[in-house]
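Visitor: mind folding the following:
(chains A, B, C and D)
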There are 2 protein chains.
Amino acid sequence: MEKNIDLTQQIVADFAEGYSNFGLNPLMGRIVGLLIISKEPQSLDDIVEQLEMSKGPISQICRRLKERGLIEKVWIPGDRKDYYQAADDIFGKAYANQINKMQNNIDIAEKYLSMAQSMDSENADFIKQQMKLMKSFYELMDEYNKKFVEAWEEKHEELTE
Amino acid sequence: MEKNIDLTQQIVADFAEGYSNFGLNPLMGRIVGLLIISKEPQSLDDIVEQLEMSKGPISQICRRLKERGLIEKVWIPGDRKDYYQAADDIFGKAYANQINKMQNNIDIAEKYLSMAQSMDSENADFIKQQMKLMKSFYELMDEYNKKFVEAWEEKHEELTE
DNA sequence: ATTAACGTTTGGAACTTTTCAAATATTTAA
DNA sequence: TTAAATATTTGAAAAGTTCCAAACGTTAAT
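Guide: Have a look, this model is predicted:
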């Protein structure tokens, strides 16, 4: 089992970095990484032990990960601990969280487009033009994203059945 | 021009928040927001004045934004200041930066897939399975992303010519 | 050559985020 | 109903990030 310990520590580190790159708490990545490679659900204490951290932050981050739908609590009969496991299609769910943030950009573009429309200057015209471009960009992105999500749903079933 | 000042401050704030949501320095968003709605290139001092901040951080962040290809320096004859403007297709470029980060995930999945392949336990099988799923997900994402980028290139030309 | 105009770098202050240890709350078993 | 096991919250410490002011370097006009 020696190799497995190394692998765990490495994957946990890589996920931490990945999450951090997206502006998320690295501990989120550490927990997600750990759970992704754990066949069995892990209790808070299991996580504490493997991550060598105190329980406070792990409890908090698990709650946030559950809110985002990335991990789930599992009930294990006869055991009163909370057990966690990676959610089904966790990659799809993590992706969805990212994409949702980009949706804001459509709203922003629309907001300033309409503000510029009620103004009247050479500069207002330029702003309108820019905001139209921004709106088009993120709308098209959204469209293609939906196509991807559909395609993945299909492929995911194919791979996991 | 009163309305325009409001609009500037608002858009700057919205972009700051947007950038911050992606784990980037909010000042990046402030500068990008300002430049996106500025028809004329802006000097460092112009930016300093409109953002009401000192020059140090603005100089640093402009360099980073230029490295990422989001803004460009413009040469204005007979003026020795540096002028900046939003890059052409800045939205596309910002998106590309995000997507590049996700590409790492393919490498991570491949790394642990091959590590798990050289191991031999029930758990190694599970890890292999998970990493295959991860690899498939991000490869499919990449594929669809390429389609989007192509479609946007076309639409972008159509909109800006 | 000197000076003025500008951009960059740096050290430290202010602020924000993350973590820990301990206190508190909650659940369940006896 | 109590005690034990567990999870959550909290306040303070540590670490990390961002910002400013000032020093420094560079360029170009005189």
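
Visitor: center of chain A - which residue?
Guide: A:A94 (2.8 Å; Cα atoms, centre = their mean).

Visitor: okay, that one: pLDDT?
Guide: Here the pLDDT value assigned to A:A94 is 95.

Visitor: hmm, who's touching the least confident helix or strand in chain A by mean pLDDT?
Guide: Ranked by mean pLDDT, DSSP states H and E, the weakest helix or strand in chain A is helix A:2-21, scoring a mean of 88. With Cβ atoms under 8 Å, 6 or more residues apart in numbering or on different chains as the test, helix A:2-21 has contacts from A:25-30, A:32-34, A:36-37, A:50-51, B:23, B:101, B:104-105, B:108, B:111-112, B:115-116, B:119, B:121, B:123-124, B:127. The way it works is simple: take the backbone N, C-alpha and C, and place the C-beta from them, glycine included.

Visitor: what's the neighbour count on the residue in chain A positioned nearest to chain B?
Guide: As assessed by Cβ to the nearest Cβ, chain B sits closest to A:G23 within chain A, at 1.6 Å. Around A:G23 there are 13 other residues, counting by other Cβ atoms under 10 Å in any protein chain shown.

Visitor: circling back: go through the least confident helix or strand of chain A and flag the buried ones.
Guide: A:4, A:7-9, A:11-12, A:14-16, A:18-19, A:21 (16 or more other Cβ atoms under 10 Å in any protein chain shown).

Visitor: closest one of those to A:I76?
Guide: A:I76 lies nearest to A:T8 out of the buried residues of helix A:2-21, by Cβ to Cβ, at 21.2 Å.

Visitor: please report how far the closest one lies from B:R30.
Guide: Per Cβ to Cβ, to the nearest Å, A:T8 is found 41 Å from B:R30.

Visitor: quick check: which ranges of chain A have low pLDDT?
Guide: Chain A contains residues with pLDDT under 70 at A:1-5.

Visitor: who in it is up against DNA strand D?
Guide: A:43-45, A:55-56, A:59-60, A:62-63, A:80-82 (Cβ under 7 Å from any atom of the strand).

Visitor: just confirm yes or no for the longest helix belonging to chain A near chain B.
Guide: Using DSSP state H, we find that the single longest helix of chain A is helix A:122-160. Yes - Helix A:122-160 comes into contact with chain B (Cβ under 8 Å from any Cβ of the partner chain), by way of A:122-124, A:126-127, A:130, A:132-134, A:136-138, A:140-141, A:144-145, A:147-148, A:151-152, A:155-156, A:159-160.

Visitor: which of those residues count as buried?
Guide: Among the residues of helix A:122-160 next to chain B, those scoring as buried are A:123-124, A:126-127, A:130, A:133-134, A:136-138, A:140-141, A:144-145, A:148, A:152, A:156 (criterion: 16+ other Cβ under 10 Å).

Visitor: on that earlier part again, just say helix, strand or coil for the residue of chain A closest to chain B.
Guide: Following DSSP: H, G, I helix; E, B strand; the rest coil, A:G23 is assigned to coil.

Visitor: next up, the contacts around A:A151.
Guide: Applying Cβ under 8 Å, 6+ apart to A:A151 gives the contacts B:140, B:144.

Visitor: circling back to that earlier point, the inter-axis angle of the least confident helix or strand of chain A versus helix B:122-160?
Guide: If you take axes from the mean of the first three to the mean of the last three Cα atoms, to 10 degrees, helix A:2-21 sits at 20 degrees to helix B:122-160.

Visitor: following helix A:2-21, which helix or strand comes up?
Guide: Sequence-wise, the next helix or strand downstream of helix A:2-21 (DSSP states H and E) is helix A:26-36.

Visitor: contacting residues around that next one?
Guide: A:8, A:11-20, A:42, A:47, A:50-51, A:53, A:57-58, A:61-62, A:64-65, A:70-71, A:84-86, A:90, A:94, B:130, B:134.

Visitor: follow-up on the earlier one: report whether the least confident helix or strand of chain A contacts DNA strand C.
Guide: No - judged by Cβ under 7 Å from any atom of the strand, helix A:2-21 stays clear of DNA strand C, getting no closer than 7.7 Å.
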